[in-house]
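*Asks:* Any chance you could fold what I've pasted below:
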Amino acid sequence: MRKLFHTATALSVLVATSMAANAADVTARPAPYAPPAPVYAPPPFTWTGFYLGGNIGEPGPIVM
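*Replies:* Take a look at the predicted model:
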C-alpha cells in the first residue's frame with residue numbers, strides 16, 4: 001500500500017509540474033489582423049468626354 005501511495009504521489013507531482021511548464025509557454029493572444037484601409041486609386045485615363053473649344057486665333061495687330 002505504501003508503494004502505491006508513493007507511486008501515485010510521484011505521478012501526480014509529475015503531471016502537475018508538466019502542466020505548469022506548459023502554462024508558462026502560453027502568451028497573450030495577438031491582436032487580430034486588420035487589413036489596411038483601401039487606398040483611393042483614380043480611374044484610368046480615357047479619351048471619352050466633352051470639350052467645347054473657343055479658339056478664335058490671333059487677336060490681330062497690336063497698335064501702340
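
*Asks:* quick one: low-confidence ranges for this protein?
*Replies:* 18-26, 51, 53-60, 62-64 (pLDDT under 70).

*Asks:* Phe50 and Arg29, how far apart?
*Replies:* Phe50 is 57 Å from Arg29, where distance means CB to CB, to the nearest Å. C-beta here means a position set from N, CA and C on the backbone, and glycine is covered the same way.

*Asks:* try Thr7
*Replies:* From Thr7 to Arg29 the distance is 38 Å (CB to CB).

*Asks:* ok, these two, which is more surrounded?
*Replies:* Thr7 (10 against 6; other CB atoms under 10 Å).

*Asks:* Sticking with the more buried one, tell me its helix or strand.
*Replies:* Assessed by DSSP states H and E, Thr7 sits inside helix 2-24.

*Asks:* same deal with Pro32?
*Replies:* Using DSSP H and E, no helix or strand contains Pro32.

*Asks:* burial count for it?
*Replies:* Pro32 is flanked by 5 other residues according to other CB under 10 Å.

*Asks:* Count the residues that sit near Ala31.
*Replies:* Around Ala31 there are 6 residues (other CB under 10 Å).

*Asks:* how near is it to Pro38?
*Replies:* Applying CB to CB to Ala31 and Pro38 gives a distance of 20 Å.

*Asks:* Same check on Ser12?
*Replies:* Distance from Ser12 to Pro38, by CB to CB: 56 Å.

*Asks:* do Arg29 as well
*Replies:* Applying CB to CB, the value for Arg29 to Pro38 is 26 Å.
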